[in-house]
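K.L.:
Need coordinates for the below:
(one chain, ligands or ions: 1)
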Amino acid sequence: MDYKFFMPQTSLMGPDCLKTAGTEIAKLGFKNCLIVTDKVLNKIGLVSKITRMLEENNISFSIYDETSPNPTVTNVNNGLKKLKENNCDFIISLGGGSAHDCSKGIALLATNGGEIKDYEGIDKSKKPQLPLVSINTTAGTGSEMTLFAIITDEERHIKMSLVDKHLTPLMAVNDPLLMIAMPKSLTASTGMDALTHSIEAYVSTIATPITDACAEKSIELISQYLVRAVENGEDIEARDMMAYAEYLGGMAFNNASLGYVHSMAHQLGGFYNLPHGVCNAILLPHVQEFNSTVSAERLAKVAKILGGNIEGLSPQEGAALCIKLIKELSVKVGIPSGLKELGVKESDFEILATNALKDACSLTNPRKGSKEEIIAIYKAAM
Ligand SMILES: [Fe+2]
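P.N.:
Numbering: from 1, shown residues only. Now for the predicted structure:
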């Protein structure tokens, strides 16, 4: 199989790498920035760290801080309006997946025109997006380094998946000192999102030795550091290692794509406006149970990386151990036990399953499911 691998041109990692980001951005010659973020990050002072960094490098800026947790078409359009009004020549997204995805939408429309729904699907744009520097404040979505963007269409109540090489940020910044403020529940759900990326990429139909290596190391780091990061948000080593874990997970799924956990979670997020990481964490063991008839050997390897003893176990038994360990980790970090707790209704499963099968992430799930089988997975996750 011929193979392409995508990631940002520059990635900065480690405590205090935000300082280096300032000088690197200045070297690129940008003059006028649109900062895309949300009100909470503005209120707690993270945005002022970015504006100070820009001032020190003589770069002017405007701020769009109205990104929703599940960014919408309206968010993208309003951000684009602000970008045009202020003649910005690049964007900094500050936040987690929401800010990065919203920024990708704005940056793509800034150079390609049209409406964001025109780019739903795979590689629909003609031109590179406006340069984007993604500064991450969570450790999970991987959006600071991927070519994926998920935008909610409020009219259709669905999440659109945009998969486009032009969406890759120019620079990704993962400074763990910016992640200390993340509350426990967000640390847990974003960390479980990262685990989902790595496991779905690992069992994907287009996994390669490169994505396998990224996924394996990512799972190992999550298994060592997620609980520590949740228990003590100021544990810099745990925050730093979780940033590496989520970045590695991003490298894996950016190139091996995902599977049914994400296609099913996207529908829940779009329909009920639920947090992405929580939906993934709940669905992950149930989808892997479905996959285990074809991916048992790979799931048994995941069990071993998660610290399980697979000696003497058959691949099926190893896969069952993997599913058990995922559930135990979810409980340890405080993820709700089922979809019922989130207000999900069985009467919606028909439409959710229909749309999940149309989601781009379904293409690479290792076992193909019928609508009835997807409904059965949703039911099991209640
Ligand atoms: Fe995700």
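K.L.:
which intervals of the stretch 1-150 of the chain have sub-threshold pLDDT?
P.N.:
The model of the stretch 1-150 of the chain has pLDDT under 70 over residues 1.
K.L.:
which stretches of it form helices?
P.N.:
Taking DSSP state H, counting those that start in this stretch, the helices of the stretch 1-150 of the chain run over residues 17-27, 39-43, 46-56, 73-85, 97-112.
K.L.:
which of these is buried the deepest?
P.N.:
Of the helices of the stretch 1-150 of the chain, the one with the most neighbours on average (mean count of other CB atoms under 10 Å) is helix 97-112, at a mean of 28. In this view, the C-beta of every residue, glycine as well, is placed from N, C-alpha and C.
K.L.:
on contacts alone, who are the packing partners of it?
P.N.:
Applying 3 or more CB pairs under 8 Å, 6 or more residues apart in numbering; DSSP states H and E, one finds that helix 97-112 contacts strand 32-36, helix 73-85, strand 90-95, strand 132-136, strand 148-153, strand 158-163.
K.L.:
can we see that at 6 Å?
P.N.:
strand 32-36, helix 73-85, strand 90-95, strand 132-136, strand 148-153 (3 or more CB pairs under 6 Å, 6 or more residues apart in numbering; DSSP states H and E).
K.L.:
can you tell me which of these comes nearest to Leu248?
P.N.:
strand 132-136 (13.5 Å; CB to CB).
K.L.:
what's the closest non-adjacent residue to the residue most central in space within the chain?
P.N.:
With distances taken as CA atoms, centre = their mean, the residue of the chain nearest its centroid is Thr141 (2.1 Å). The shortest distance from Thr141 to any non-neighbouring residue, by CB to CB, 6 or more residues apart in numbering, is to Gly97 (3.1 Å).
K.L.:
Ala320 now?
P.N.:
Ser292 (7.3 Å).
K.L.:
What of Cys102?
P.N.:
Pro71 is the one closest to Cys102 (CB to CB, 6+ apart), at 3.8 Å.
K.L.:
give me phi/psi at that neighbour?
P.N.:
phi -60, psi 140 (degrees, to the nearest 10).
K.L.:
Can you report how many residues lie near His286?
P.N.:
His286 sits with 24 neighbouring residues when counted by other CB atoms under 10 Å.
K.L.:
Helices of the stretch 201-350 of the chain, residue ranges please.
P.N.:
For the stretch 201-350 of the chain, the helices defined by DSSP H, counting those that start in this stretch occupy 209-231, 236-256, 260-272, 276-305, 315-332, 349-358.
K.L.:
Ok, which of the ones you listed comes nearest Cys88?
P.N.:
Set against Cys88 and scored by CB to CB, these come closest in helix 236-256, at 25.5 Å.
K.L.:
residues making contact with the closest one?
P.N.:
Helix 236-256 is contacted by residues 5-6, 139-140, 142, 145-146, 174, 176, 179, 194, 197-198, 201, 204, 206-207, 211, 214-215, 217-218, 221-222, 225, 228-229 when judged by CB atoms under 6 Å, 6 or more residues apart in numbering.
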